[in-house]
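Q: Quick one, fold the following:
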Amino acid sequence: MTQASIKVGMIAEETGALSFMGRANANVARMVVDEINANGGLLGRKIELYLEDGATTDAVAEAKAAKLVLQDKVDVIFGGIYSSTRQAIKGPAVVKGRTLYIYPEQYEGQECDPLIFCTGPVPAQQLDPLIPRLMRKTGARTFYLPSADYIWPHVMNERVRRLVTANGGSIVGEAVSRSSRAWGLSRRTRRWCRPSRSSAGDQ
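A: Next up, the predicted model:
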């Protein structure tokens, strides 16, 4: 491999609340890059991995994206889990740096830039087949929507509302948690959900 290497930047949440996911992402990235290089690289070019910890903090991810673009001069950036982190990375990577950015998570959609490739499903792909079938097969007509307070659950819940209403059902309530520990439901919310069906609009 005599040609210039391909520089791949990755921002993984190796610390912070999402470290259980970020560490796995970082390990897979190392493994894949090692495997590709061991088999002759990509189009005959070696891949160099520049791995940065986003610390599950948007400001940190934004700073790391700027470093990858301006200092390391990577050819492409991967990473980000939360939608807000994608937006933080997008500024220095795409808007200012005009660098290819690949976001490999399910997300709310509404992203359109020739330098951003979002590889995960959007709400329509997840919910449009699910909700009508769920209602048809189970007879569910009332839904309660607990979620965390950021863009992905808000868009997800709006899609659920539209589908449920269009299929003759109703939303009996929503619970939005602004806590950073918004992974579970409160005891009161679980009591609300038990008699009907629940759609949890959260990652």
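Q: From now on I want contacts and neighbour counts done on CA atoms only, so please keep to that.
A: Noted.
Q: Okay, now the unreliable bits of this structure?
A: 1-2, 178-203 (pLDDT under 70).
Q: Heading C-terminal from whichever helix in it runs longest, find the next helix or strand.
A: Determined from DSSP state H, the single longest helix within the chain is helix 19-38. Moving toward the C-terminus from helix 19-38, the next helix or strand (DSSP states H and E) is strand 47-53.
Q: Show me the contact partners of that next one.
A: For strand 47-53, contacts defined as CA atoms under 8 Å, 6 or more residues apart in numbering pick out 5-15, 26, 30, 33, 36-37, 41, 61, 64, 68, 72, 74.
Q: Now do the helix or strand following that strand: everything it contacts.
A: Counting by DSSP H and E, the element after strand 47-53 in chain order, helix or strand, is helix 58-70. Outside helix 58-70, the residues that touch it by CA under 8 Å, 6+ apart are 9, 11, 50, 52-55, 74, 77, 80, 84-85, 88-89, 91-93, 97, 99.
Q: Just the C-alphas of helix 58-70, formatted as PDB.
A: Coordinates of each C-alpha in helix 58-70 appear next as PDB, following Å, rounded to 0.1, in the frame of the first residue of the first chain:
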ATOM      1  CA  ASP A  58     -22.400  17.900  22.700                       C
ATOM      2  CA  ALA A  59     -19.900  20.600  23.400                       C
ATOM      3  CA  VAL A  60     -17.100  18.000  23.700                       C
ATOM      4  CA  ALA A  61     -18.200  16.300  20.500                       C
ATOM      5  CA  GLU A  62     -18.200  19.600  18.600                       C
ATOM      6  CA  ALA A  63     -14.700  20.400  19.800                       C
ATOM      7  CA  LYS A  64     -13.500  16.900  18.800                       C
ATOM      8  CA  ALA A  65     -15.100  17.300  15.400                       C
ATOM      9  CA  ALA A  66     -13.300  20.600  14.800                       C
ATOM     10  CA  LYS A  67     -10.000  18.900  15.900                       C
ATOM     11  CA  LEU A  68     -10.500  16.000  13.500                       C
ATOM     12  CA  VAL A  69     -11.200  18.400  10.600                       C
ATOM     13  CA  LEU A  70      -8.700  21.200  11.200                       C
END
